[in-house]
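*Asks:* here is my input, please return the structure:
(one chain, ligands or ions: 1)
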Amino acid sequence: MSVIDLRSDTVTQPTSGMREAMLAAELGDDVYGEDPTVNRLETHLAQQLGFAAGLFVPSGTMSNLLGLMAHCERGDEYIVGQQAHTYKYEGGGAAVLGSIQPQPLELEADGSLDLAKVEAAIKPDDFHFARTRLLALENTMQGKVLPMAYLQAVHHFTRQHGLALHLDGARLYNAAVKLGVAAREITQHFDSVSVCLSKGLGAPVGSVLCGSAVLIAKARRLRKMVGGGMRQAGVLAAAGLYALEHQVARLAADHANAERLASGLRELGYPLEPVQTNMVYVQIGERADALQAFCAERGIKLSAAPRLRLVTHLDVAASDIERVLEAFAAFRSR
Ligand SMILES: Cc1ncc(COP(=O)(O)O)c(C=O)c1O
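*Replies:* Predicted structure coming up:
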């Protein structure tokens, strides 16, 4: 029985084409700037997203951290969603390592931050306060795609208020594929973007931070400081390049599988949140542990959470969704 893992889109195995690309990668010492494959990935992604420069790093956490630290000095503040990854799920790195104060705000139902609330949170120029310097958004935000008109409004808002704008685009390409736009249409509104290659795109490791030449030079220095300077990293960058070339359009299949999963669960009577991309949120309540154990016996890996996140990805086939629905139906009728 093959295992179906719906806990995250980070659990994928490199495809055979990706492994071949990794094997064939030309390598050098990237700390010396001499890895041609890393250089190609950084240039390619920066150009594709409309930025002057890119920086390959081991993880999305590091990419966001370097982005925040490159924008903010010690004693600066960034405004961010309560549930945003940079704030809630990255060990408080911006505060711990960057001395950057977070100002979290409650997110709206669509994953955006209400700009009136952001405006009210910006601190006056007064030595009592931290200096509000940056606004950070996430897209997709728990699977939700931020509307294009909102991005334009946010861009305008940050220019008016002298704030920089960072995007945690761990799943940028899910948003772009869902909207049917080039990723650049989204990123044009931001001063920096962190893109994960190891989520829906299916690479084993790596993220890229994109921004201006000055910002990326600062981030490169910080990357060395936090131990993110890798050597023959082209073996990993090759996987990222392969993913960008071959595994973007297929995200639509993950979205279709999530939609099918959601409609099946709805028919079974499970309360669900609206689904836009590759994440399905279903209310399981206090039976979360029991459901996890029940599904594990049937080769289906789930997290155990009352608000359960089910994530589709390249190692989940359409036929797997039917197997999952059968398990949920059996669990419900026990
Ligand atoms: C939205 C978002 N941003 C950033 C990250 C961090 O990525 P990494 O696990 O590579 O540090 C994640 C990881 O799941 C994420 O979901």
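*Asks:* can you give me the helices for the protein?
*Replies:* Secondary structure of the chain (DSSP state H): helices located at 16-23, 36-49, 60-71, 85-88, 93-98, 115-121, 148-161, 172-179, 183-187, 213-225, 234-246, 251-267, 288-296, 318-332.
*Asks:* buried residues, the first one. List them.
*Replies:* Meaning helix 16-23. Using 16 or more other Cβ atoms under 10 Å as the test for burial, helix 16-23 gives Met18, Ala21, Met22. For every residue, glycine as well, the C-beta is placed using N, CA and C.
*Asks:* repeat that for the fifth one.
*Replies:* Neighbour counts over helix 93-98 (16+ other Cβ under 10 Å) mark Gly93, Ala94, Leu97, Gly98 as buried.
*Asks:* between those residues, which is closest to Arg260?
*Replies:* Checking the buried residues of helix 93-98 against Arg260 by Cβ to Cβ gives Gly93 as the nearest, at 36.9 Å.
*Asks:* which residues are in contact with that closest one?
*Replies:* Going by Cβ atoms under 8 Å, 6 or more residues apart in numbering, Gly93 touches Thr61, Asn64, Leu65.
*Asks:* out of the residues you listed, which are buried?
*Replies:* Among the contacts of Gly93, those buried by neighbour count (16+ other Cβ under 10 Å) are Thr61, Asn64, Leu65.
*Asks:* any chance of TSV for the residues you listed, columns pLDDT and distance to Ala252?
*Replies:* Below are the buried ones among the contacts of Gly93 laid out as TSV (pLDDT from 0 to 100; distance: Cβ to Cβ, whole Å):
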residue	pLDDT	distance to Ala252
Thr61	98	27
Asn64	98	26
Leu65	98	31
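*Asks:* quick one, what contacts the single nearest residue of the stretch 201-334 of the chain relative to the ligand?
*Replies:* Among the residues of the stretch 201-334 of the chain, Ser207 lies closest to the ligand, at 5.8 Å counting by Cβ to the nearest ligand atom. Contact analysis of Ser207 by Cβ under 8 Å, 6+ apart lists 56-60, 62-63, 170, 194-198.
*Asks:* ditto for Ile186
*Replies:* Applying Cβ under 8 Å, 6+ apart, we find Ile186 in contact with Asn139, Met148, Leu151, Leu167, Gly169, Leu172, Ala175, Ala176, Leu179.
*Asks:* roughly how far does the closest residue to the third one other than its chain neighbours sit from Pro147?
*Replies:* In this case it means Leu151. Once flanking residues are discounted, Leu151 sits nearest to His189: 4.4 Å by Cβ to Cβ, 6 or more residues apart in numbering. To Pro147, His189 is 12 Å away according to Cβ to Cβ, to the nearest Å.
*Asks:* also Asp76?
*Replies:* Separation of Asp76 from Pro147 (Cβ to Cβ): 28 Å.
*Asks:* repeat that for Phe56.
*Replies:* 30 Å.
*Asks:* same check on Asp168?
*Replies:* Using Cβ to Cβ, Asp168 is found at 17 Å from Pro147.
*Asks:* okay, those two: which has more neighbours?
*Replies:* Legend: neighbour count by other Cβ atoms under 10 Å for Asp168 and Pro147, higher for Asp168 (31 against 14).
*Asks:* where does the stretch 51-200 of the chain get nearest to the ligand, residue-wise?
*Replies:* Counting by Cβ to the nearest ligand atom, the stretch 51-200 of the chain gets nearest to the ligand through Gly60 (2.5 Å).
*Asks:* number of nearby residues for that residue?
*Replies:* As a burial measure, Gly60 scores 27 neighbours (other Cβ under 10 Å).
*Asks:* quick check: it touching Arg171?
*Replies:* No. Shown here, Gly60 and Arg171 do not form a contact pair, counting by Cβ atoms under 8 Å, at 9.8 Å.
*Asks:* which neighbours do these two share?
*Replies:* With Cβ under 8 Å, 6+ apart, Gly60 and Arg171 have common neighbours Cys196, Lys199.
*Asks:* which of the contacts of Ile186 has the largest number of neighbours?
*Replies:* Neighbour-wise, these (other Cβ under 10 Å) top out at Gly169, 31 neighbours.
*Asks:* so what's that one up against?
*Replies:* Gly169 makes contact with Glu138, Asn139, Ala175, Ala183, Ile186, Thr187, Val193, Ser194, Val195, Cys196 under the criterion Cβ under 8 Å, 6+ apart.
*Asks:* I'd say the second one and Tyr173 touch.
*Replies:* No. Asn139 lies out of contact with Tyr173 (Cβ under 8 Å); the separation is 10.5 Å.
*Asks:* quick revisit: closest to Tyr87 out of the buried residues of helix 93-98?
*Replies:* Distance to Tyr87 across these (Cβ to Cβ) is lowest for Ala94, with 7.9 Å.
*Asks:* tell me the confidence at that closest one?
*Replies:* On pLDDT, Ala94 comes in at 98.
*Asks:* repeat that for Arg334.
*Replies:* pLDDT, Arg334: 88.
*Asks:* let's have the chain start at 25 instead
*Replies:* Sure, I'll start numbering at 25, so the last one becomes Arg358.
*Asks:* spatially nearest residue to it, not counting backbone neighbours?
*Replies:* Spatially, and ignoring its direct neighbours in sequence, Arg358 is nearest to Phe318 (7.9 Å; Cβ to Cβ, 6+ apart).
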